[in-house]
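Novice: Any chance you can model this:
(2 chains)
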Number of protein chains: 2
Amino acid sequence: MKPVVVIHGGAGAVSRGTASPALEHEYHAALQRILTSAQAVLAQGGSALDAVSVAVTGLEDCPYFNAGHGAVLTSDATHELDAAIMDGATLRCGSIANVHHVRNPVLLARMVMERSRHVFFVGEGAERFARANGVTLVERDYFTTPARLEQLRRAQHEAADGADSDGQGQPILAGRPTRPADSNEPIDPDRKFGTVGAVALDADGNLAAATSTGGITNKQVGRVGDAPVIGAGTYANNATCAVSCTGTGEMYIRMVAAYDVAARMQYAGATLAQAADAVMFEALPSVGGKGGLIAVDQHGNIALPFNTDRMYRGYARLGEHPVTEIYPT
Amino acid sequence: MKPVVVIHGGAGAVSRGTASPALEHEYHAALQRILTSAQAVLAQGGSALDAVSVAVTGLEDCPYFNAGHGAVLTSDATHELDAAIMDGATLRCGSIANVHHVRNPVLLARMVMERSRHVFFVGEGAERFARANGVTLVERDYFTTPARLEQLRRAQHEAADGADSDGQGQPILAGRPTRPADSNEPIDPDRKFGTVGAVALDADGNLAAATSTGGITNKQVGRVGDAPVIGAGTYANNATCAVSCTGTGEMYIRMVAAYDVAARMQYAGATLAQAADAVMFEALPSVGGKGGLIAVDQHGNIALPFNTDRMYRGYARLGEHPVTEIYPT
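Specialist: All right, here's what the predicted structure looks like:
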């Protein structure tokens, strides 16, 4: 059993014009740099919680990924950031949703976990908690990048309408889309989602998971996805595994995806790989869920399944060179 | 297999001065009335979704229960309402949190489920969705009752301080409180929580669950509990069961309590009663979780376990007189 940290920077298909070889090189370099910083935490005897905090902070600070600086924009051209963290040793957790000024949402989630009797704060109350606890705040435009503004402009141009109600309803079954796939769908699950996350195992055998996101481009104001929902996008328990998800968040919520990986291990005796694959390739597709997840168990086994074209991802075991990937291997 | 609806109106110990025999009679009468209205839905061939919607709407409208009219107050003396609903036939769901003007939060949750591609809205965005979809809105003082104002006054008088940060952290293990049990704790898990909810099985064999709450008295602004978190406070799946929880919401989130009942049935082969009891009397107590849950499976088996002094609860099978209880039987 060797300490390990695993990260993802979102799954899906890259938006048009953003998949050049030069940019892909940049993504690999960013993932390598972030893995190296989290690996250093583990090498110094740091905890899994510290490793995932450092990794997700790095992903939030990097403009290439949809979290923190570089987060996507809502239909109002605002940012609404969500994050969660969970400690597999104690099952303590912290979640925040719909914050606008918190530079590193994952650090606010961690502060909720460590300093509040509550575990989940949203909106102005979450920002009030941040101010009271000295969390770094920034102006709203800190998060905005030219690339995200351009994505929003394209999404709104393509959208059939920009009304508050999308009026579509949730698809009931996979393969039965509620409108033609080539229509002017405002939320294209193949292209416009993304999240960042990390899971880790430390030298003490403790697991942790963290996830952070700006949500989906052109999302309606107030929408919350799976990232801050414990059990859906984020879960950790030393007895089973630590999981962080990325994808069509609504489907991950419906399937309680992250906890389902753990439950299959705990109650059905599945291995980490079996459980992760069952959730990714059976459960989630049954409701049309697309994306990926990363997971680690107490033995250091890791799983990084995804059912989309690509997932930005990587892992670093103690004393080994970090491995990064974008496409299926 | 006979259609059945099960409801709860919160678990815990009743606050001082509210447990008179006359008031208990009122509670029984309210539960009877609400069960009768939901039973009528099932008798007319209505769906489990309609039955839980009618039941929870009735509980929200009744000032005795902590949801809708009669919801508890935050530390700012405001109301922040949360609700969720889930359809066991399709795994579609809708959740809303932190709304201030929605007369019946459960109906907004249902509208999110039926009319949006998103499943979870919070705060102003949720209210905007409500306005766009014609949901009934009310002034904030609609929710306030003299009894709840008095509860808040007492809670704030007892609290060590009214600061934004409670500074306590989540208890890691049951039985190791982070401060003495007799201290001036602002959130007394034995007394100040409450939620309403319903689960049902209809004549077509479909299951549904719904939960609604005002949260906990004197809660910090922005706090969200388990009620709107799919998998924690609310879950439904025809393959296993429908569940609605009430209690110390933070612990239900940490344990993914509602989905854990279903997972134990699906993966470990537990019966509904075995699964519900394991969650209520083993899993939740392991982190100090207190409260109760109601559950129904596709065969019409029901479970209503709780680990507190009392839980307002009842059930009504088609063609039978509704049964209501407050204390352990």
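
Novice: CA only for contacts and neighbour counts going forward, please
Specialist: Fine.

Novice: just checking, residue A:207 touches residue A:243?
Specialist: No. Assessed by Cα atoms under 8 Å, residue A:207 is found out of contact with residue A:243, at 9.5 Å.

Novice: joint contacts of these two?
Specialist: Common contacts of residue A:207 and residue A:243, defined by Cα atoms under 8 Å, 6 or more residues apart in numbering or on different chains, comprise A:199, A:236, A:296.

Novice: Name the nearest residue to the last one, ignoring sequence neighbours.
Specialist: Read it as residue A:296. residue A:302 (4.4 Å; Cα to Cα, 6 or more residues apart in numbering or on different chains).

Novice: next one: residue A:27
Specialist: Sequence neighbours aside, residue A:64 is the residue nearest to residue A:27 in space, at 7.3 Å (criterion: Cα to Cα, 6+ apart).

Novice: Run a quick neighbour tally on that neighbour.
Specialist: 20 (other Cα atoms under 10 Å in any protein chain shown).

Novice: For chain B, see how far away it is.
Specialist: 25 Å (Cα to the nearest Cα, to the nearest Å).

Novice: What of residue A:279?
Specialist: Relative to chain B, and taking Cα to the nearest Cα, residue A:279 is found at 13 Å.

Novice: just checking, that residue touches residue A:260?
Specialist: Yes. Proximity of residue A:279 to residue A:260 meets the contact threshold set by Cα under 8 Å, at 7.0 Å.

Novice: confidence score at the residue in the stretch 201-329 of chain A that chain B sits nearest to?
Specialist: Nearest residue of the stretch 201-329 of chain A to chain B: residue A:222, at 3.9 Å (Cα to the nearest Cα). Looking at residue A:222, its pLDDT reads 96.

Novice: how close does residue A:120 sit to residue A:85?
Specialist: Distance, residue A:120 to residue A:85, by Cα to Cα, to the nearest Å: 11 Å.

Novice: Helix or strand with the lowest mean pLDDT in chain A?
Specialist: helix A:146-158 (a mean of 85; mean pLDDT, DSSP states H and E).

Novice: where along the stretch 151-300 of chain A do the strands fall?
Specialist: Taking DSSP state E, counting those that start in this stretch to define them, one finds strands in the stretch 151-300 of chain A at A:196-201, A:207-213, A:234-236, A:241-247, A:291-297.

Novice: on that earlier part again, in the least confident helix or strand of chain A, which residues are buried?
Specialist: A:148, A:149, A:151, A:152, A:153, A:155, A:156 (16 or more other Cα atoms under 10 Å in any protein chain shown).

Novice: Correct me if wrong: the first one contacts residue A:74.
Specialist: No. Taking contacts as Cα under 8 Å, residue A:148 lies outside contact range of residue A:74: 10.2 Å.

Novice: Now do the shared contacts for these two.
Specialist: With Cα under 8 Å, 6+ apart, residue A:148 and residue A:74 have no common neighbours.

Novice: Next to chain B, which bits of the stretch 201-329 of chain A? Give me the list.
Specialist: A:220-225, A:229-232, A:250, A:253-256, A:259-260, A:263-264, A:267-268 (Cα under 8 Å from any Cα of the partner chain).
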